[in-house]
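Q: Give me the fold of what follows.
(one chain, ligands or ions: 1)
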Amino acid sequence: MNLLSFEWAAILYLIAAVCFILALKGLSSPKTARRGNLIGAFGAFVALVTVFLSMRIDNLPWILLTIAIGSAIAAPVSRRVQMTQMPQLVALFNGVGGGAAALVAFLELSHSESPWSALAIAFTIMVGAVSFAGSCITFAKLQELMTTRPVTFPGQPVVMVVVVLGAIAAGAALVLTGQVWAAIVLLGLGLVAGVMLVLPVGGADVPIVISLLNAFTGLTVAASGLVLGNVLLLVAGTLVGASGTILTRAMASAMGRSVGGIIFGAFRGGSTAGSTVQSDRPVRSATPEDVAILLGYAEKVIVVPGYGLAVAQAQHTMAELATALEAKGIEVSFAIHPVAGRMPGHMNVLLAEANVPTESLKEMDEINPEFKTCDVALVVGANDVVNPAAKTTPGSPIYGMPILDVEAARQVVFLKRSMRPGFAGIENELLYEPQTTLLFGDAKDSLTKVLSAVKAL
Ligand code: TAP
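A: Alright, predicted model coming up:
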């Protein structure tokens, strides 16, 4: 029995859609993001309840059981996940969304009554499958279950063209005949296309691909709104698709990339080249006391935080060190690269947690001219975002990405545990430069020792 009339359901869907729009608005600033998130969750809750109360639902116990299983898995995972693992969680949730939309469209095939709805079904199956498979590979790259370098093989572009042509043929067959076999072929080709799309993307470009796949999932959900005749899915999917597309373009332009270049670059052989990693060349290593002397006698220090700072959870010690240096009259600022860490805004959130004043945080364009007047650039757990190969080595996976001009500083100190490369998997020549010193060890441990040595100066 339907407890809600069609009109009431439409009003509640409208309320949910407004919540989603307000959520996006809230999420656009760190100050309002938490509220935005809650408004979005409320909108999703209203939408879910409306579905249950306004439709005749078969198999209710099964549906409730799957919701319970999903919640039992997702709630503890979301609670336990570290900040540094957030992008892979987002990739996974995103992929599951795309995959679910593809499966729903598959099941709706038997109810399809017009070529238009068959077209929407074909689109949803294909793009949903691409999003699912692509997100799984992105997850594997981010979780470092596989290499983060571009994966290519001879004939890859030809295979991709064959897959796309096959998908168009299977899609046409699905629209014209409505046959299940065509849907199965389309689903399979979509999965292959998703894998092929992400494999050649190098580590440094993965954040942009997450955002692109997110836009794909949005489009899939919007198309499944057409298939199911559900306005809310249409609105929510369009919002996700549009915001994902805007974010993809914004991130690509912040990194000096074109979206086409990222996806097709490796196919052209452009981004597969790179330097070899883990060489045995000598480097200059130092003790915490040496680093404390360098810092303590500087006039101007620029800290470059990166992923390693987050892994070591060293933000509080870093903030304490900055305060101790400032107490000695030294000017300290933090250089924030847009993709430092593993998600947009990662460093801002981390340093805000340690109460580093926002005026000390400087974005890349603002801080870059300052490196040449700085005595020490202290690079804490960052690597790719300071790698000069982005400027000097055409063919490197990060070539063209704007970087922090750390090499211009008089002295550069790296705090890292080993000579292992960063996420992009390429060597950093700056580690071997004469002005560079390395303090090996976990960032928190090293910073604690440097802090007490600075205090003892
Ligand atoms: P990375 O280039 O990944 O370098 C991190 C460095 O931290 C490594 O050199 C690592 O060296 C060191 N490290 C790790 N754990 C440490 C610890 N406990 N103590 C001290 N050092 C530690 O990081 P980045 O410079 O921040 O650049 C970010 C990279 O991630 C870019 O390639 C970016 O494209 C990619 N990415 C970014 C995002 C977003 S949106 N921000 C999302 C996904 C991927 P050792 O192992 O030798 O210690």
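Q: got the residue ranges for the strands in the stretch 51-200 of the chain?
A: Across the stretch 51-200 of the chain, reading from the start of the chain, there are no strands by DSSP state E, counting those that start in this stretch.
Q: mind listing what the residue of it found nearest the ligand touches?
A: Using CB to the nearest ligand atom, residue 87 is the residue of the stretch 51-200 of the chain that sits closest to the ligand, at 4.8 Å. (Glycine included, C-beta is placed from N, CA and C.) If a contact means CB atoms under 8 Å, 6 or more residues apart in numbering, then residue 87 has 142, 206-207, 210, 342-343 as its contacts.
Q: Looking at these, which is nearest the ligand?
A: Within the set of those, residue 207 lies nearest the ligand; the separation is 3.3 Å, counting by CB to the nearest ligand atom.
Q: wait, doesn't that closest one sit right on residue 343?
A: Yes: between residue 207 and residue 343 a contact is recorded at 7.3 Å, counting by CB atoms under 8 Å.
Q: what's the pLDDT at the residue of the stretch 51-200 of the chain closest to the ligand?
A: Here, the pLDDT recorded for residue 87 equals 85.
Q: Please apply the same query to residue 38.
A: 97.
Q: Any idea how many residues pack against it?
A: Other residues near residue 38 number 13, with proximity taken as other CB atoms under 10 Å.
Q: distance of it from the ligand?
A: If you measure residue 38 against the ligand using CB to the nearest ligand atom, to the nearest Å, the figure is 24 Å.
Q: I'd like the distance between that residue and residue 402.
A: With distances taken as CB to CB, to the nearest Å, residue 38 is found 35 Å from residue 402.
Q: And residue 212, by the same measure?
A: 20 Å.
Q: Which one's more surrounded, those two?
A: Under the neighbour definition other CB under 10 Å, residue 212 and residue 402 were set side by side, and residue 212 has more, 26 against 19.
Q: show me what contacts the more buried one?
A: With the criterion set at CB under 8 Å, 6+ apart, residue 212 makes contact with 244, 248, 259, 263.
Q: Let me know the secondary structure of it.
A: When states are read from DSSP: H, G, I helix; E, B strand; the rest coil, the local structure at residue 212 comes out as helix.
Q: so residue 403 makes contact with residue 379?
A: No: taking CB under 8 Å as the contact criterion, residue 403 and residue 379 are not neighbours in contact, 11.5 Å apart.
Q: any residues in contact with both of those two?
A: Any residue near both residue 403 and residue 379 by CB under 8 Å, 6+ apart counts here, and that gives residue 386.
Q: Which of the two has more residues huddled nearby?
A: Taking neighbours as other CB under 10 Å, residue 403 and residue 379 compare with residue 379 leading, 30 against 21.
Q: And that one, what's its pLDDT?
A: The confidence metric pLDDT takes the value 98 at residue 379.
Q: what pairs with it across the strands?
A: The partner list for residue 379 in beta bridges (DSSP bridges) reads residue 304, residue 414.
Q: Identify the residues contacting it.
A: The neighbours of residue 379, taking CB under 8 Å, 6+ apart as the test, are 304, 306, 386, 406, 412-415.
Q: export these to JSON lines and tack on pLDDT and distance to residue 115?
A: Below are these laid out as JSON lines (pLDDT from 0 to 100; distance: CB to CB, whole Å):
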{"residue": "304", "pLDDT": "98", "distance to residue 115": "56"}
{"residue": "306", "pLDDT": "96", "distance to residue 115": "52"}
{"residue": "386", "pLDDT": "97", "distance to residue 115": "55"}
{"residue": "406", "pLDDT": "97", "distance to residue 115": "58"}
{"residue": "412", "pLDDT": "97", "distance to residue 115": "63"}
{"residue": "413", "pLDDT": "97", "distance to residue 115": "65"}
{"residue": "414", "pLDDT": "97", "distance to residue 115": "61"}
{"residue": "415", "pLDDT": "97", "distance to residue 115": "62"}
